[in-house]
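Visitor: Okay, predicted coordinates and the sequence, questions at the end:
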Amino acid sequence: MILITGFEPFGGETENPSRLSARLAVENLNREGVSAAFLEVPVVFARAGPAVIDKAASVRADVVVCVGVAGDRKLISLERTAYNVKRGRIPDNDGAKPDGEIILPGPNTLTTRLPVSKALDAIKAAGIPVEISDDAGRYVCNTLLYTVVAQLPEETPAGFVHVPQASEVSIEKQAEALQIVAMLALEQVKAQTLG
């Protein structure tokens, strides 16, 4: 089972491309016979991580791909590093605006468990603009990345993908990239099970 999550709108926006592309990716995977579930995540420091951890447990997710929007980027960013600090440039949707607190007791950084190097090559081969990023910001996206890597079982590939606005990369192409990431991660799980 693949879990792909996207965020609700925030910062005065009426839509969030992350939830559109995540939902479409799940629909496409299900149509192809791959078990996948979608979760809309609150843009709230305190609630985003627990919501995803709970959903992953309830659907028994083998793979967790979290998705958020980075409105200033022009391509899809496969996030590699989570930082154990939360900082709000703007308040979250519950009005919280942390200023440098740690997310959880733990190391300063954690590394994604998604196969980002393989995904980079495969997404490029599909003609979709993509990069590997070591900076997920310090907003709710980074908090979610840190939380899922810290709290999901070690054998579960989990990580975060930033998508740009749909004017830069279409929702359909974003969804295709998410499907590639998810399927490569699922292959990784199957290989570990067989090994």
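Guide: Structure's in. What do you need?

Visitor: So residue 152 versus residue 95, what's the distance?
Guide: For residue 152, the distance to residue 95 (C-beta to C-beta, to the nearest Å) stands at 28 Å. Where you see a C-beta, it was placed from the backbone N, CA and C, and this is true even at glycine.

Visitor: Which one's more surrounded, the two?
Guide: Shown here are residue 152 and residue 95; by other C-beta atoms under 10 Å, residue 152 has more neighbours (19 against 8).

Visitor: Now the more buried one. Nearest residue, chain neighbours left out?
Guide: residue 158 (4.8 Å; C-beta to C-beta, 6 or more residues apart in numbering).

Visitor: Bridge partners for that neighbour, pull those for me.
Guide: residue 64 (DSSP bridges).

Visitor: ok, now which ones touch it?
Guide: 56, 63, 64, 65, 66, 112, 113, 114, 148, 149, 152 (C-beta atoms under 8 Å, 6 or more residues apart in numbering).

Visitor: what does residue 2 give?
Guide: Contacts of residue 2 (C-beta under 8 Å, 6+ apart): 26, 29, 34-37, 61-63, 65, 182, 185-186.

Visitor: and the gap between residue 3 and residue 11?
Guide: On the measure of C-beta to C-beta, residue 3 and residue 11 end up 25 Å apart.
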